[in-house]
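Asker: here is a sequence together with a model predicted from it:
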Amino acid sequence: MLFERIRRTQKPVFIFLAVMFALGFALLGVGSSGNVNALDFLHLGGSSGDSVSKLNDTVKSHPNDATAWLRLAQAYVAKGDQDSAIGAYQAYLRLRPKDATALSSAAGLLEQRALLSSQNAAAYQAVASYYQHGGAGAALSGLALGQGLSDPVASQLASPYQQQYTSLSAQAASDYGQAVTYRQSLIKLNPRDAFSQESLGFDAANSRNYALAVTAFKAYLKLVPKTNPEAIRVRQIVKAIQPFASGTSPTP
């Protein structure tokens, strides 16, 4: 009876988690560095397989062949393999660190993956919180076994979800940090690139580097008209994060 009651309380949470994962993949267009198409994830195959295989052989034999690394990155994007595409772009950019197009593509892929990791981390955290503070703990505490058993069992049930949350959050932070580096390289190449300045602001904020975020957002605001709707939104964001950048407010 005990575990039967646990299973009944789990069902809506698992449905929620599955929906979150599905929406994350569909809305973010995993593996695409361009416009997002909610159906792209259904077309992960294609003729790029042979190209990927041949290009992998090439970069193994000639690891300093920048062109092969770039073509491999593009082939992985076409195939829908986001993780491998990011790795190939990183290898290419170590050889060609001033390629603005590749920097932008790599940063975009990292931002997509970081956002997906953050969304999935939030879903895992919600399930962990459910077990620790909500349904499962409440269901168990209502049994004759008493509160003494409910807390340890609830914590045990929550533990794997909390671990996934921690892992995914760390992955998101790492990806945002790498995206920050690429956006900074783009700005060095073109300091008046408003899009890169704004993107740097968001990446820095998401990696909790609030001082850098404020600096980037202010640089962006100097490059666009004051009446631009996006500029109005960015000014509101700067106002909200300024206390964290100056150290007058605790880190959220």
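Answerer: That came in fine, so what should we check first?
Asker: report the contact partners of residue 62.
Answerer: Applying CB atoms under 8 Å, 6 or more residues apart in numbering, we find residue 62 in contact with residue 68. Just so you know, the C-beta spots here come from the backbone N, C-alpha and C atoms, and that holds for glycine as well.
Asker: what's the average pLDDT for stretch 55-66?
Answerer: Averaged over stretch 55-66, pLDDT sits at 97.
Asker: could you pull out the buried residues of it?
Answerer: By 16 or more other CB atoms under 10 Å, the buried positions in stretch 55-66 come out as 55, 56, 58, 59, 65, 66.
Asker: can you tell me the element the fourth one falls in?
Answerer: Element membership for residue 59, per DSSP states H and E: helix 48-61.
Asker: coming back round to it: show me which pair in the buried residues of stretch 55-66 is furthest apart.
Answerer: Distance extremes for these: the farthest pair is 56 and 66 at 15.2 Å, using CB to CB.
Asker: just the C-alpha atoms of the helix or strand that the helix holding residue 59 is followed by, please, in PDB.
Answerer: Next along the chain after helix 48-61, taking DSSP H and E as the criterion, comes helix 66-79. The C-alpha atoms that make up helix 66-79 are tabulated as PDB, following Å, rounded to 0.1, in the frame of the first residue of the first chain:
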ATOM      1  CA  ALA A  66      40.800  23.900 -40.100                       C
ATOM      2  CA  THR A  67      38.600  23.600 -43.200                       C
ATOM      3  CA  ALA A  68      37.800  19.900 -42.400                       C
ATOM      4  CA  TRP A  69      36.800  20.900 -38.800                       C
ATOM      5  CA  LEU A  70      34.500  23.600 -40.100                       C
ATOM      6  CA  ARG A  71      32.900  21.300 -42.600                       C
ATOM      7  CA  LEU A  72      32.500  18.600 -39.900                       C
ATOM      8  CA  ALA A  73      30.800  21.200 -37.600                       C
ATOM      9  CA  GLN A  74      28.400  22.100 -40.400                       C
ATOM     10  CA  ALA A  75      27.700  18.500 -41.200                       C
ATOM     11  CA  TYR A  76      26.900  17.800 -37.600                       C
ATOM     12  CA  VAL A  77      24.500  20.800 -37.600                       C
ATOM     13  CA  ALA A  78      22.800  19.400 -40.700                       C
ATOM     14  CA  LYS A  79      22.600  16.000 -39.000                       C
END
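Asker: which strands and helices sit next to helix 66-79?
Answerer: With contacts defined as 3 or more CB pairs under 8 Å, 6 or more residues apart in numbering; DSSP states H and E, the packing partners of helix 66-79 are helix 48-61, helix 82-95, helix 100-133.
Asker: what's the spacing between it and its chain's center?
Answerer: Relative to its chain's centre, helix 66-79 lies at 21 Å (CA atoms, centre = their mean, to the nearest Å).
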